[in-house]
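*Asks:* the following comprises the amino acid sequence and a computationally predicted model.
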Amino acid sequence: MAARSGLPLVDGFGRVATDLRVSLTDRCNLRCTYCMPAEGLPWLDREELLTNAELTRLIRVGVERLGITSVRLTGGEPLLRSDLIEIVAGIDALRPRPRIALTTNGIGLAKRAEELARAGLDRLNISLDTLDPQTFAALTRRRRLPDVLAGIRAAVAAGLHPVKINSVLMRGVNDHEAAHLVEWAIGEGVQLRFIEQMPLDAQHGWRRTEMITADEIHARIATRFRLVEDPADRLARGSAPAELFRVEGTDARVGVIASVSRPFCGNCDRVRLTADGQIRNCLFAREESDLRSALRGGADDEELARRWLSAVAGKRAGHGIDDPGFLQPERPMSAIGG
Ligand SMILES: Nc1nc2c(ncn2[C@@H]2O[C@H](COP(=O)(O)OP(=O)(O)OP(=O)(O)O)[C@@H](O)[C@H]2O)c(=O)[nH]1
Ligand SMILES: C[S@@+](CC[C@H](N)C(=O)[O-])C[C@H]1O[C@@H](n2cnc3c(N)ncnc32)[C@H](O)[C@@H]1O
Ligand code: SF4
Ligand code: SF4
């Protein structure tokens, strides 16, 4: 059956995907221990990656025919794509124009933040787990903390508001820094979000008992700050992964992304496109739908839309991390697009 234009990406539970997360590359210049091994991974070959033209075509199909209203560029490390500015400008030219966001480790951002904003980027999320150079080197296996801090300041200066900072807390590594990170974020005028670690690392080293839970995150922050729940934040949450809290005595918000202990799958509005052109209906999906082969085989927009609709229709209710038969997906977060 041919897809008519404007069909929503609806799944069997009535959820509608409007937020497309696109991985631009599986490569990275850091080696965060919760993400990949020290030696890196067998990266995709260049010809396996979607080109700028292929990416833009698929995103156009999502926007024009399938109700995609926001696009987040991620990876791997999206700033490693030399054609990133052209990719952003290509999405900016689509009609209806989707919101355009980027998730990055911030390395090299100091030089490119303004150019990205000019090309049409609306928002930026930057990952930073520690403010201590030694801990940064241990956690990411690279000595690049000053580059990340410079990138964050450049993003704020470029007006990419609000700049959000993602921090994964690891037991005995950086969890003692939670309150200090909150203090720093208030000073920098950025919104800090703490993330529960998920079983998506390439090494399959995640243990439920080792993960720092949302309750523990709150306890560590409470040593210095009181977080209060604002009913307006709760009402405005929608499908956002982060629960927001106001830091008492300030207007600053701190977010907690409790993907494991308080899953938000019931409100999920996400669908993913990997750097090699596979549609994944969930971070934890066990199947992918190969749009790249269809595209390179000459499929028209209608056929691409039909395949995409069918991929989303089969989405499961949730990630199932706590289910007895849970199996971690074969591809790690860096290859899926976090
Ligand atoms: N379980 C789950 N976790 C997700 C998903 N998307 C993002 N996350 C988690 O949320 C963290 C932050 O994601 P970001 O890429 O910054 O994007 P976001 O929080 O969705 O974006 P905004 O709140 O719109 O800025 C990621 O590092 C993941 O840990 C998802 O689809 N499912
Ligand atoms: C996979 S990275 C890709 C973009 C970019 N390289 C970065 O680090 O921001 C996206 C986000 O996923 C988070 N992440 C990576 N592995 C994770 C895991 N096992 N559990 C939870 N979040 C994870 C990172 O902290 C980062 O905020
Ligand atoms: S979390 Fe991001 S920066 Fe860290 S290794 Fe994974 S892809 Fe790279
Ligand atoms: S785990 Fe899957 S269903 Fe749950 S929020 Fe993430 S992408 Fe959506």
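*Replies:* Perfect, thanks for sending it. Ligands and ions are numbered 1, 2, ... in the order given.
*Asks:* quick check: V71 touching V88?
*Replies:* No - with contacts defined as Cβ atoms under 8 Å, V71 does not count as touching V88, sitting 9.4 Å away. Where C-beta positions appear, they are placed from N, C-alpha and C, glycine not excepted.
*Asks:* touching both of those two, which residues are there?
*Replies:* Common neighbours of V71 and V88 (criterion: Cβ atoms under 8 Å, 6 or more residues apart in numbering): I100.
*Asks:* quick one: check the least confident helix or strand in the chain by mean pLDDT for contact with ligand 1.
*Replies:* When each helix and strand of the chain is scored by mean pLDDT, DSSP states H and E, helix 231-236 comes last, with a mean of 92. No - Helix 231-236 is not in contact with ligand 1 by Cβ under 6 Å from any ligand atom; minimum separation 11.5 Å.
*Asks:* quick one: name the residues of the stretch 201-338 of the chain near ligand 4.
*Replies:* Close to ligand 4, as judged by Cβ under 6 Å from any ligand atom, the stretch 201-338 of the chain has residues F264, C265, C268, R270, C282, L283, F284, G318, H319.
*Asks:* close enough to count as contact, the last one and N281?
*Replies:* No - the pair formed by H319 and N281 falls short of the contact definition of Cβ under 8 Å, at 11.7 Å.
*Asks:* tally of neighbours for whatever residue of the chain ends up closest to ligand 2?
*Replies:* The nearest approach of the chain to ligand 2 comes at G338, 2.7 Å away (Cβ to the nearest ligand atom). By the criterion of other Cβ atoms under 10 Å, G338 has 22 neighbours.
*Asks:* re earlier: which one's more surrounded, H319 and N281?
*Replies:* Shown here are H319 and N281; by other Cβ under 10 Å, N281 has more neighbours (25 against 21).
*Asks:* next, work out how far apart the more buried one and G40 are.
*Replies:* Going from N281 to G40 by Cβ to Cβ, to the nearest Å gives 27 Å.
*Asks:* buried sites along stretch 328-338?
*Replies:* P329, R331, P332, M333, S334, A335, I336, G337, G338 (16 or more other Cβ atoms under 10 Å).
*Asks:* what lies in contact with that stretch?
*Replies:* Residues outside stretch 328-338 that contact it (Cβ under 8 Å, 6+ apart) are 21-23, 26, 28, 35-36, 41, 44, 74-76, 103, 198-202, 204, 206, 272-275, 280, 283-286.
*Asks:* swap in stretch 178-197?
*Replies:* 34, 128, 130-131, 152-153, 156, 162-170, 206, 211-214, 217, 220-221, 223-225, 242, 247, 250, 252-261.
*Asks:* now a ChimeraX select for only the buried ones of those residues.
*Replies:* Buried members of the contacts of stretch 178-197 can be picked out in ChimeraX with the line below, counting by 16+ other Cβ under 10 Å:
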select :34,128,130,131,152,153,156,163,164,165,166,167,168,169,170,206,211,212,213,214,217,220,221,225,242,247,252,253,254,255,256,257,258,259,260,261
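*Asks:* can you tell me which of the contacts of stretch 178-197 are up against ligand 1?
*Replies:* Okay, of the contacts of stretch 178-197 touching ligand 1 (Cβ under 6 Å from any ligand atom), that's K164, N166, A242, I257, S259.
*Asks:* which one of these is nearest ligand 3?
*Replies:* Taking Cβ to the nearest ligand atom as the measure, ligand 3 sits nearest to N166 out of those, at 8.7 Å.
*Asks:* kindly confirm my reading that the closest one is in a helix.
*Replies:* No - residue state for N166 (DSSP: H, G, I helix; E, B strand; the rest coil) corresponds to strand; a helix is not indicated.
*Asks:* test my guess that it contacts L124.
*Replies:* No - contact criterion Cβ under 8 Å: N166 and L124 do not qualify, at 10.9 Å.
*Asks:* so what's the residue nearest to E248 when sequence neighbours are not counted scoring on pLDDT?
*Replies:* Spatial nearest neighbour of E248, excluding adjacent residues (Cβ to Cβ, 6 or more residues apart in numbering): R226 at 4.1 Å. With respect to pLDDT, R226 scores 98.
*Asks:* tell me who's in contact with R226.
*Replies:* So R226 contacts V247, E248, G249 (Cβ under 8 Å, 6+ apart).
*Asks:* count of residues packed around the second one?
*Replies:* Read it as E248. 10.
*Asks:* check it and give its pLDDT.
*Replies:* Confidence score, pLDDT, at E248: 97.
*Asks:* my read: it touches V228, true?
*Replies:* Yes - counting by Cβ under 8 Å, E248 does reach V228; the two are 5.3 Å apart.
*Asks:* following the host helix or strand of E64 in sequence, what is the next regular element?
*Replies:* Using DSSP states H and E, E64 falls within helix 52-65. The helix or strand immediately downstream of helix 52-65 is strand 70-74, counting by DSSP H and E.
*Asks:* name the helices or strands packed onto the following helix or strand past that next one?
*Replies:* Note on strand 70-74: by DSSP H and E, the next helix or strand toward the C-terminus is helix 84-92. Contacts defined by 3 or more Cβ pairs under 8 Å, 6 or more residues apart in numbering; DSSP states H and E place helix 84-92 against helix 52-65, strand 70-74, strand 99-104, helix 109-119.
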